[in-house]
Every structure is written in C-alpha cells, then in structure tokens.
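Colleague: Provided below are the primary sequence and the corresponding predicted coordinates.
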Amino acid sequence: LHFPIAAADAVQCCGVGFAQKRGEAESRITSDMGNSFGGFEDIFAAKKDGTTLVDLRIKKLRDAPSIAGLRPKNFTPVVLSPESAMEGIGCCPCCYTSIPSGFSAIVTKFGAVVDGDQEDQTWSPGCHCFYPFYTVDKLVSQQLITFDTPVKDCKTANFITVNIDVMIQFKIVKAKQFVYSIGADKFDDLLRASQDEVLRMISNETQLAEIFDLCGRDFTDVVEEFTKKFEPYGVEVVNFTVKNVRIPDDMAQDAEDKTLFDSKTTRDHMKQKFDRQRVQIDEAKNKLKEECDNARMAAEQQAEVVKNQAMKVTSEVVSRTSRDIQELEANRDLEQKKLLTEAELEVSKQKAQIMALEREMNSRTEAECAKIIAEAEAFSKQTQTDARIEAAQKLANGKQAIGIAEGAASEAFALRRAFESELRRLMILEQVTRKHDMKIATSQENTVSMNSDNLAVTQAVQQGVEAVRAKL
C-alpha cells in the first residue's frame with residue numbers, strides 16, 4: 001500500500017496531527033481518483049460510529065491497489081466491485097485481465113460464478129486469459145481489517161455508566177462464502193451487535209474500580225467465540241482489544257482527587273527529605289574539596305622534591321654513560337682495525353694457495369686430456385682397420401658363394417634365359433599387332449600372291465610367328 005503524500009505533509013504526519021494529515025491525504029487521493037478515467041463511485045451507505053464496512057464500486061480493476069488500505073470518505077472498503085476488468089490498448093480491449101495482489105477475485109460468466117484455482121474457488125493474483133463474456137465481479141481484500149467502534153452506555157456491576165472503545169482485527173479467509181452469504185453491510189451490523197453484546201455482558205460482571213483493567217485483559221475466549229460464530233461467513237477474528245474506557249466526568253474527578261491526595265503528601269515528605277540530603281551533600285562536598293586541595297598541594301611539593309632528585313641522578317648517569325660510551329667506541333675502533341688487518345693477511349694467503357692449486361689442476365687436466373685424446377684416436381684407427389679387413393673377407397666369401405651357386409644351376413638358368421628371350425619376342429610381336437594399319441597374312445597367301453598388301457615387314461612377322469609355333 002502506498003500514500004502519495006507530499007514531503008512536507010509526510011514530515012508533519014510524524015508528529016502531532018497524524019490522523020488529520022492522513023485524512024487530508026486520503027481525501028486528496030480520493031478526490032483525484034474520482035474522475036472519468038478511474039477511481040470509485042459515490043458511496044450512498046449511511047455513516048456509522050467508528051469503522052463502517054462497505055462494498056465499494058470502482059471504475060477500473062487497476063485502481064484496486066491504490067484504493068486498498070484507504071478510508072475514502074471515512075468508509076472502510078472490504079469488497080471492491082470493478083465496472084471494467086479487461087485491459088486494453090487504446091479503445092481496443094484485450095483478452096487478458098491482471099488481478100492485483102492482495103485480493104481474492106470472484107469471476108462470473110453471465111452472472112454465474114466461475115470457479116478459480118484457489119482453495120476457496122476464487123482466482124489467484126496475476127495475469128489470466130479470459131473469454132470476453134468473463135467478468136471480475138468482486139475483489140475481496142486479503143488484508144487484516146481493523147474494526148474500531150465505541151460501545152456506549154455500558155452498565156458496570158455497581159450500575160455506573162461507562163463508554164468502551166474496542167478494536168477488532170479480522171480477515172476474510174473464504175471470499176466467495178463471505179460475499180454471497182452476508183456481504184460487507186450486513187457483516188458490519190452483525191459485528192457491531194456481537195461486539196455490543198459481549199462488552200455489555202463483560203461490563204455487567206465488572207466493578208467500576210476494575211473497569212480500567214479491561215484495557216490489558218486477555219480476550220482469547222472472545223476471539224475464539226467470534227471465530228466460531230463467523231466461520232459460516234468465511235471470516236476469522238484475529239484480535240479483540242479494549243482500547244479505552246471512559247467513565248462520567250464527576251466520578252473521574254472524585255477518583256482523581258482521592259488518588260492524588262496520598263501522592264501529594266508523599267511528594268511533600270520526599271521534598272523535605274531531598275532538601276535535608278542536599279544540605280548534607282553540600283557540606284560533605286565542601287569538606288572533601290578542602291581535603292583534596294590540601295592533599296594536592298602536599299603531593300605537588302613532594303613531586304617537586306622527587307623531580308629535583310631524579311634530575312640530579314639523571315645528570316650523573318648521563319655523564320658517566322657518555323664517558324663509558326667514548327671508551328667503548330675507542331676500543332671498538334681499535335679492535336675493528338686489528339681484525340681488518342688480520343683478515344686481509346689471511347685473504348692474501350688463501351688467494352696464493354688457490355692460485356697454486358689452480359695451476360697444478362690445470363697442468364694435470366691438460367696432460368690427462370692429451371692422453372685420452374691419443375688413446376681415442378688409436379682405438380678409432382684400429383677399429384676402422386679391423387672393420388675394413390672383415391668387410392673385404394665377407395665380400396670375397398660372398399663372391400665365391402655366388403660363383404659356386406651359378407655353376408651348380410647353370411642348366412636351369414639356360415632354360416630360363418631361353419624362355420625369357422622367347423617371351424621378349426612375343427612382346428615385340430604383340431606391340432606390332434596393335435598397330436591399326438598392320439596386315440598379317442599366312443604363308444599360303446604370300447605364296448599365291450593373294451595379299452595385295454604383301455609388304456616385307458608382314459612377311460617377316462609371319463615367318464617369326466611360324467618359327468615360334470614350331471618350337472613350342
């Protein structure tokens with residue numbers, strides 16, 4: 001819920017006159033909303049003492065969140081009845097409806113209720129796609145509703161007339177049952193009657209001296225009784241509180257005078273006691289101040305003596321310490337020079353030894369290297385010579401083996417060579433026959449001169465073929 005109040009009004013509302021400023025703000029909001037484009041219609045219900053519950057007709061569904069929580073014209077809207085529920089773009093209506101949060105929506109179709117997705121068969125907040133003939137008929141508030149009304153002329157047990165202000169908080173848990181079984185106006189009357197009956201009964205059982213104890217009393221039994229009574233209408237009562245009790249002015253003044261007499265007497269005694277204690281405290285304070293001043297001056301004198309003694313001792317210690325420091329610095333410089341000289345001598349000896357060792361190690365290393373190189377070269381030459389000898393011996397053995405093998409297989413190789421020779425001849429003839437302009441004739445055709453193209457090449461080829469055939 002929000003109240004668009006100006007900053008200056010909001011600051012003033014924090015102090016005295018909060019109710020007045022809030023009423024002015026609500027009146028300004030409701031007057032601004034009552035135009036042709038939105039807001040609510042005029043309320044024709046009769047105004048009652050305290051809170052008045054009404055079923056408020058609004059023009060647009062989207063105006064519901066702005067109106068909820070307000071009291072337009074001092075009425076408390078419990079149920080909102082929107083005239084238009086469909087959203088639109090310009091003058092064109094859309095097929096979806098946005099149900100605001102904090103309300104239980106009742107949707108109808110040609111006057112018949114359409115069950116929703118909630119447990120009480122209402123529709124949940126959010127966007128819904130509705131048919132054009134679906135209408136959001138009622139919006140029932142899910143908030144805690146405060147019912148603040150006075151009960152006048154209640155008689156106490158000793159027949160004294162008092163007025164009692166009561167605040168009841170309730171919420172509607174079954175919206176559909178509430179709207180169609182009782183409604184806001186009738187529930188207002190029923191709640192007033194129930195509250196009046198309970199309070200008059202409690203007042204008749206209470207003495208006037210105890211009537212103000214009702215303001216802090218626990219009314220759990222009343223809350224349970226109201227909840228059970230209003231359960232058929234879908235209403236749950238959460239709290240029942242007596243805000244204020246007013247008794248007649250003359251009796252209130254008498255009670256106040258009796259109560260304040262003892263208080264005034266006690267106040268006078270306490271004032272006298274306070275004055276005596278104040279005089280005693282002032283005397284003790286002055287005495288303590290003198291003692292503190294004397295102690296402070298004695299302490300200052302003693303501190304001055306201790307300070308002078310400390311300064312004398314400190315100066316002696318400083319002079320003695322300076323002399324000792326100078327002696328120590330001289331001894332330190334002498335010892336430092338002696339150590340430097342010995343260190344330089346030792347460093348020179350170490351450098352000489354290092355150079356001698358380096359020369360010795362270099363000569364030994366060069367001799368060892370020359371010896372290793374000579375041995376490596378000799379070993380390499382010996383290895384190469386042995387390898388050449390072994391290779392020559394193996395080549396000779398191989399040639400000898402080849403000669404022996406060729407001699408043993410000479411007859412077989414002769415036939416193979418003859419076959420390869422004939423095979424090459426056939427390959428030559430094959431290449432000749434693949435020529436397109438080649439003519440081949442038999443021996444008989446050549447003899448009788450029947451072949452007109454009897455060329456010398458053709459005859460030679462024919463003879464070669466005959467010779468190969470005869471051998472095969």
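Modeller: That came through fine.

Colleague: mind listing what's buried in stretch 186-206?
Modeller: For stretch 186-206, the neighbour count (16 or more other CB atoms under 10 Å) marks Phe187, Asp188, Leu191, Arg192, Ser194, Gln195, Asp196, Val198, Leu199, Ile202, Ser203, Thr206 as buried. All C-beta spots, glycine's among them, are computed from the backbone N, C-alpha and C.

Colleague: where in this structure is the helix or strand with the lowest mean pLDDT?
Modeller: Ranked by mean pLDDT, DSSP states H and E, the weakest helix or strand in the chain is helix 7-13, scoring a mean of 33.

Colleague: which stretches of the stretch 201-350 of the chain have low pLDDT?
Modeller: Scanning the stretch 201-350 of the chain for pLDDT under 70 picks out the ranges 250-262.

Colleague: how about the strands in it?
Modeller: Under the criterion DSSP state E, counting those that start in this stretch, strands of the stretch 201-350 of the chain are mapped to 235-246.

Colleague: helices of that one, start to end?
Modeller: 220-230, 249-408 (DSSP state H, counting those that start in this stretch).

Colleague: send me the first one as CSV with only the CA atoms.
Modeller: The reference is to helix 220-230. Only the C-alpha atoms of helix 220-230 are listed here, as CSV (Å, rounded to 0.1, in the frame of the first residue of the first chain):
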residue,chain,number,x,y,z
THR,A,220,-8.7,-15.1,23.8
ASP,A,221,-12.1,-16.7,24.7
VAL,A,222,-13.9,-13.8,22.9
VAL,A,223,-11.7,-14.2,19.8
GLU,A,224,-12.4,-18.0,19.7
GLU,A,225,-16.1,-17.4,20.2
PHE,A,226,-16.3,-14.8,17.4
THR,A,227,-14.2,-17.0,15.0
LYS,A,228,-16.6,-19.9,15.6
LYS,A,229,-19.6,-17.6,15.2
PHE,A,230,-18.4,-16.0,11.9
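
Colleague: and the angle for that helix with strand 235-246?
Modeller: Calculated by axes from the mean of the first three to the mean of the last three CA atoms, to 10 degrees, helix 220-230 forms an angle of 140 degrees with strand 235-246.

Colleague: pull out the buried positions in helix 220-230.
Modeller: By 16+ other CB under 10 Å, the buried positions in helix 220-230 come out as Val222, Val223, Phe226, Phe230.

Colleague: if you count contacts, what does that helix end up packed against?
Modeller: strand 161-172, helix 183-204, strand 235-246 (3 or more CB pairs under 8 Å, 6 or more residues apart in numbering; DSSP states H and E).

Colleague: for Pro82, grab the count of nearby residues.
Modeller: By other CB atoms under 10 Å, the residues close to Pro82 number 22.

Colleague: pairing partners for the host helix or strand of it, with directions?
Modeller: Using DSSP states H and E, Pro82 maps to strand 76-84. Partner strands and pairing direction for strand 76-84 (DSSP bridges) are strand 53-60 (parallel), strand 134-141 (antiparallel).

Colleague: can you name the next helix or strand after the first one?
Modeller: So that's strand 53-60. The helix or strand immediately downstream of strand 53-60 is helix 64-67, counting by DSSP H and E.

Colleague: residues of that following helix that come out buried?
Modeller: Using 16+ other CB under 10 Å as the test for burial, helix 64-67 gives Ala64, Ser66, Ile67.

Colleague: among these, which one sits closest to Gly407?
Modeller: Proximity of the buried residues of helix 64-67 to Gly407 (CB to CB) peaks at Ala64, which lies at 124.8 Å.

Colleague: what pLDDT is listed against the closest one?
Modeller: Listed pLDDT for Ala64 reads 76.

Colleague: equivalent analysis for Val166, please.
Modeller: For Val166, the pLDDT comes out at 87.

Colleague: and it, how many residues sit next to it?
Modeller: So Val166, with other CB under 10 Å, has 22 neighbours.

Colleague: now swap in Leu214 and tell me
Modeller: A count of nearby residues for Leu214, using other CB under 10 Å, gives 20.

Colleague: hmm, Leu208 and it touching each other?
Modeller: No. When contacts are counted by CB atoms under 8 Å, Leu214 is not listed as touching Leu208 (11.6 Å).

Colleague: still on that earlier bit, for the record, mean pLDDT for the strand holding Pro82?
Modeller: Mean pLDDT, strand 76-84: 81.

Colleague: list the contacts of the nearest residue to Val107 once chain neighbours are set aside.
Modeller: Of all residues not flanking Val107 in the chain, Val114 sits nearest, at 4.6 Å (CB to CB, 6 or more residues apart in numbering). Listed by CB atoms under 8 Å, 6 or more residues apart in numbering, the contact partners of Val114 are Val107, Thr108, Tyr134.

Colleague: of those, select the buried ones using a PyMOL command.
Modeller: In PyMOL, this line selects whichever of those come out buried by 16+ other CB under 10 Å:
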select buried, resi 107+134
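
Colleague: now distance to Ala392 and pLDDT too, for the contacts of Val114, in TSV please.
Modeller: Shown next, in TSV, are the contacts of Val114 (distance: CB to CB, whole Å; pLDDT from 0 to 100):
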residue	distance to Ala392	pLDDT
Val107	116	84
Thr108	122	85
Tyr134	115	79
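
Colleague: would you turn the contacts of Val114 into a markdown table with distance to Gln400?
Modeller: A markdown table is the format used below for the contacts of Val114 (distance: CB to CB, whole Å):
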| residue | distance to Gln400 |
| --- | --- |
| Val107 | 118 |
| Thr108 | 124 |
| Tyr134 | 117 |
